[in-house]
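Participant: Below are the sequence and a predicted model for it; my questions follow.
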Protein chains: 2
Amino acid sequence: MTNSAAPIKITSKDTALEFLDSYDTFLFDCDGVLWLGNHLLPHTKEFLDLLAAKGKRTIFVTNNSTKSRLQYTKKFASFGITVKEEQIFTSGYASSIYVRDFLKLQPGQDKVWVFGEGGIEQELAKMGYESLGGTDPRLATEFDASTSPFLVDGLDPSVKAVIAGLDHEINYHKLAVTLQYLQQEDKVHFVGTNVDSTFPQKGHTFPGAGSMVESIAFAAGRRPAYCGKPNMNMLNTIVSAFDLDRSKCCMVGDRLNTDMRFGVEGKLGATLLVLSGIETEERAVEVSPDHVNPKYFAEKLGDIWQLAEGN
Amino acid sequence: MTNSAAPIKITSKDTALEFLDSYDTFLFDCDGVLWLGNHLLPHTKEFLDLLAAKGKRTIFVTNNSTKSRLQYTKKFASFGITVKEEQIFTSGYASSIYVRDFLKLQPGQDKVWVFGEGGIEQELAKMGYESLGGTDPRLATEFDASTSPFLVDGLDPSVKAVIAGLDHEINYHKLAVTLQYLQQEDKVHFVGTNVDSTFPQKGHTFPGAGSMVESIAFAAGRRPAYCGKPNMNMLNTIVSAFDLDRSKCCMVGDRLNTDMRFGVEGKLGATLLVLSGIETEERAVEVSPDHVNPKYFAEKLGDIWQLAEGN
């Protein structure tokens, strides 16, 4: 992780246009960049329209595994922005691709045990995988080893991988059965959607996917293969899906240690940090062994649109 | 951690009597040693009666924080064994002592946020501490940051410590509020009852306290002070409570990496491993950098009673 030059703050029309014209493909983190929760940030739509008018490719990359890509297209639509499912990469989708392309599980034959929400299950189903666990309502009942429908008849021998991610309905029943599958160490692979320990919401910071995956990993005494940002599994999948030239790509995000690191380690042409999420200008320019620095930064995406379109 | 001599298997009357007569105080792990779940192991009562007849002190040390010491006396009573509350040390009690004697929290003034079950709350209450969280039924409701009764009016400024342990009713609401207290890093101490990643039950291995505490630690980005075995906090508390001569104490347990390590690191006179829990004879005598070895071992406690009383 090296950063050769000081980060450039985009504050003039010239810098804005030079930035936009230097890259073909823009990869966006979503929350904190395009919107905050259910509130679209100012001029996000205009910014994306400008990229479209310039013939740029846009890809949306989120570590949120609770929603499927289809659900994300609906979220974009609710803001009046049209995005195709193919443009969206969630960590649940990346995990499913990992199971298919790297672990080579056979659809219609091998199954996946899910600790997490519908966003993972739906991507697996779309690829033809049967999943167990996840949002199955029988997991919402109090756990008893001698009556759990997931244990009484033994574990399902077709399960070849566990995918674990954020689950707002975490409970002991889910943790206990997930552990039983992971104890079959020679047979069942262990995939984590993303390592984020927390995520910001409404002025608080709440437990993230990583805090749950690490709990499961500690109990099982084994490490997961993480798929979300900043892991390169996710980026390699995206690059190969669109046959991208990395030098012509720019990663746009609001976190130094996931988004910016993702772009820097992935050797993309550039990174752009926006300060509409959790980072500050001080951190953006601070040279520290603890984090990478972006190539560019701006207060928010809308500022770049205003600069580029202004006179 | 060094073990000078090969472990001695107690298989003769002479060895059994020599073992019993060499020590004044016997510290016992409970599950896997005295009983398995709700099933008392054979001749446990006779063995304890023999110790009493010989004027030995017996102390019961468990990492289970879900029950209080009072509840433990009732469990002993259900097997026809009379044990006083003062003879019992749970990891929940050890954590409460740590809060009182080491962190110096003031009863009636400072409060403790509990992630865990009633065994912690009851020990705190007995010492005069008000606890929040724990088994409060309002935590069983779906978490919403804007309506949670634990967040809407802000955090309780009297909370000076979090004690976290095993909670079979783990849910997101509890995890989320616990994290908010731990984010007050300068003000709120972080105590973990015990580090055990799993525990055995009915032929399975299920997630233990450590897997929950580590999840919370990962989200908070800070380390807890662990109080249960093999942490010396617990042993120091016991030694000072009874003014024990360590050289005259023997730790009896069924796990090398908690019970035996507890006795060896605590420089007790001896350790006795029983094979009625999770360890094997092979592991008991195996010399390995991964675990300590006991001074003595036996298949089960009842065998020592039979040998000592036999002719």
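Facilitator: Sure thing, it's come through.

Participant: From start to finish, how long is stretch A:125-140 in a straight line?
Facilitator: Start and end residues of stretch A:125-140 are separated by 21 Å (CA to CA, to the nearest Å).

Participant: what comes up buried for that stretch?
Facilitator: Taking 16 or more other CB atoms under 10 Å in any protein chain shown as the basis for neighbour counts, the residues of stretch A:125-140 that come out buried are A:129-136, A:139. For glycine as for every other residue, the C-beta is placed from the backbone atoms N, C-alpha and C.

Participant: Just the ones in strands from these, please.
Facilitator: The members of the buried residues of stretch A:125-140 that map onto strands under DSSP state E are A:130-133.

Participant: With distance to chain B and pLDDT as new columns, can those residues be given to me in JSON lines?
Facilitator: Output for these, formatted as JSON lines (distance: CB to the nearest CB, whole Å; pLDDT from 0 to 100):
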{"residue": "A:Glu130", "distance to chain B": "24", "pLDDT": "98"}
{"residue": "A:Ser131", "distance to chain B": "21", "pLDDT": "98"}
{"residue": "A:Leu132", "distance to chain B": "18", "pLDDT": "98"}
{"residue": "A:Gly133", "distance to chain B": "15", "pLDDT": "98"}
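
Participant: Can you tell me the element A:Phe47 falls in?
Facilitator: If you go by DSSP states H and E, A:Phe47 is part of helix A:44-53.

Participant: Reduced to three states, what does A:Ile81 come out as?
Facilitator: Under DSSP: H, G, I helix; E, B strand; the rest coil, A:Ile81 falls in the coil class.

Participant: and it, what is it in contact with?
Facilitator: The neighbourhood of A:Ile81, defined by CB atoms under 8 Å, 6 or more residues apart in numbering or on different chains, consists of A:44-45, A:48.

Participant: same thing but at 7 Å, please
Facilitator: For A:Ile81, the set of contacting residues under the criterion of CB atoms under 7 Å, 6 or more residues apart in numbering or on different chains consists of A:45, A:48.

Participant: any idea how far it lies from A:Cys249?
Facilitator: A:Ile81 sits 21 Å away from A:Cys249, taking CB to CB, to the nearest Å as the criterion.

Participant: What of A:Lys174?
Facilitator: Using CB to CB, one gets 37 Å for the distance from A:Lys174 to A:Cys249.

Participant: contacting residues around the helix holding A:Phe47?
Facilitator: Around helix A:44-53, the neighbours that count as contacts under CB under 7 Å, 6+ apart are A:26, A:34-35, A:58, A:79-81, A:301-302, A:304-305, A:308.

Participant: May I have it as PDB, with CA atoms only?
Facilitator: Coordinates of each C-alpha in helix A:44-53 appear next as PDB, following Å, rounded to 0.1, in the frame of the first residue of the first chain:
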ATOM      1  CA  THR A  44     -26.200  12.500  -6.900                       C
ATOM      2  CA  LYS A  45     -28.600  11.900  -9.700                       C
ATOM      3  CA  GLU A  46     -27.200  14.800 -11.800                       C
ATOM      4  CA  PHE A  47     -23.700  13.500 -11.200                       C
ATOM      5  CA  LEU A  48     -24.600  10.000 -12.400                       C
ATOM      6  CA  ASP A  49     -26.400  11.500 -15.400                       C
ATOM      7  CA  LEU A  50     -23.300  13.500 -16.300                       C
ATOM      8  CA  LEU A  51     -21.200  10.300 -16.200                       C
ATOM      9  CA  ALA A  52     -23.800   8.600 -18.500                       C
ATOM     10  CA  ALA A  53     -23.700  11.600 -20.900                       C
END
